[in-house]
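A.B. asks: Below is the structure, and that's it, no one-letter string:
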Ligand SMILES: Nc1nc2c(ncn2[C@@H]2O[C@H](COP(=O)(O)OP(=O)(O)OP(=O)(O)O)[C@@H](O)[C@H]2O)c(=O)[nH]1
C-alpha cells in the first residue's frame, strides 16, 4: 500500500507486508531522513531502523560523517554502520578498471567505508581459492570490516543491524562466561593481524608488503602498538588529531603526506580509522574516525574482557595516498616515544 505524506505530498511511502516502510528521497541528507521519519503515515509504528540505500557513485564516508555529527548534536538517529554489497565475481576487475581509469575509485571508497561487507553472488564463484584471493584484495583496502558470504544477499539480520560500527562506549553487560559484551566490530580491531609490528616485541603475522598499492590508490595500514602509559596515550591522541584534522603524520617531517607542495589529488586523505588502545591500568580506549572527525573513548570493560589473549594496542587507518609504511612507523614511534 502506498501513502503520501500530509506535510509534503511529494514524499510517498510504500508499506511492505514485512513491516518495512519504503520512501525514496533525492538527497540522502540527515535532515531529509529525519523529516521522512517524522512524516511517516499516521498509524505507522515506531521506527526501529532506517536503512539508506545510496546510489552506486555515492561516497558513504561523507554521508556517515554527516550522520555521526548530527548524532553528537542530539539528532534523533544513531548511526549503526555501513554495509556494502559486493558483486564478488566482478569486484577485482572493477577495482582494476577504476584504478586504470584514474577515476574517483567509487568502488574502493565504498569498501573502505564499510563495517560489514556482503560478498554476494557466491554461486558465481565456486572455487575457494578464488574466494580467498578476492577476500584478501578487499581486506587490503579494508582490514576491519566483517565479511559475510551471501547468495541473493540473504543474511541473518543480526549481521547487518546492531553492528556498532561507530560505537566507542558500549557498556559492559556480563554474559554467561563473565565476559563483557563487546560488539563484533570492536572485537574485530583486537583480532587484527598486523602486516608489520611497530615494536620489536612483535607478533607472528602474515607479512603483506602493500606499500606499492598504497602509493596512489586507496589502502590501509594496521599498526601494532604496545600497552601504553597515560602519557603515551595522550601522544597517540596528538597523532590522531594531526591525522584527522590536518591530514598529517605527526613526528616526521619527510614523506609525501607532509609535503605541502603535493597536488590535491595526491594528498593523504583519511577515509576511516579505528583503534583499540590498552593502557597500563588495563583500560581499553576505542577509536572510531571518519574523514576529519574521530572519537576516542574508554570502554566500560577491561583488557582482560577482550577475547584476544594478549591484547596490545592497535591502530587501523584506511585512506588514500597513505604513502610509505616506514614513514608512519617512524611518526608513531617518535610521537609516542616508543624507541
Ligand atoms: N547469480 C546471482 N545473481 C544475483 C544474486 N543476487 C542478485 N543477483 C542478480 O543481480 C542482478 C542485480 O541485482 P540488484 O539487486 O538489482 O542489484 P543492484 O546493484 O541493487 O542494482 P541497482 O540498484 O539497480 O544498481 C539481478 O539480476 C539479480 O537477480 C546472486 O546471489 N547470484
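C.D. replies: Everything's here; your move. Every value quoted in this text rests on a predicted model; they were computed, and no experiment measured them.

A.B. asks: Only C-alpha atoms from now on, for both contacts and neighbour counts.
C.D. replies: OK.

A.B. asks: Can you name the element that comes right after the lengthiest helix in the chain?
C.D. replies: The single longest helix within the chain, with elements called by DSSP state H, is helix 230-246. Secondary structure here is assigned by DSSP states H and E; on that basis, the next helix or strand after helix 230-246 toward the C-terminus is strand 269-278.

A.B. asks: which element follows that next one toward the C-terminus?
C.D. replies: Moving toward the C-terminus from strand 269-278, the next helix or strand (DSSP H and E) is strand 283-290.

A.B. asks: For residue 153, see how far away the residue in the stretch 1-150 of the chain positioned nearest to the ligand is.
C.D. replies: Closest approach between the stretch 1-150 of the chain and the ligand, counting by Cα to the nearest ligand atom: residue 121, at 3.2 Å. In this structure, residue 121 and residue 153 are 8 Å apart, going by Cα to Cα, to the nearest Å.

A.B. asks: what does stretch 69-79 contact?
C.D. replies: Defining contact as Cα atoms under 8 Å, 6 or more residues apart in numbering, one finds that stretch 69-79 is touched by 30, 34, 64, 67, 68, 166.

A.B. asks: The last one - how many residues pack around it?
C.D. replies: Using other Cα atoms under 10 Å, residue 166 has 24 neighbouring residues.

A.B. asks: For it, what is the enclosing helix or strand?
C.D. replies: Secondary structure (DSSP H and E) places residue 166 outside all helices and strands.

A.B. asks: Might one say that it is in contact with residue 82?
C.D. replies: No. Contact status for residue 166 versus residue 82: not in contact, 9.3 Å apart, counting by Cα atoms under 8 Å.

A.B. asks: May I have the phi/psi pair for the nearest residue to residue 244 once chain neighbours are set aside?
C.D. replies: By the measure of Cα to Cα, 6 or more residues apart in numbering, the closest residue to residue 244 outside its immediate chain neighbours is residue 292, 4.5 Å from it. Dihedral angles phi and psi of residue 292 (degrees, to the nearest 10) take the values phi -100, psi 20.

A.B. asks: Now do the contacts for residue 292.
C.D. replies: The neighbourhood of residue 292, defined by Cα under 8 Å, 6+ apart, consists of 244, 245, 270.

A.B. asks: what bridges to the residue nearest to the last one when sequence neighbours are not counted?
C.D. replies: Distance criterion Cα to Cα, 6+ apart; nearest residue to residue 270, sequence neighbours excluded, is residue 319 at 4.4 Å. Residue 319 forms beta bridges with residue 219, residue 270, as assigned by DSSP bridges.
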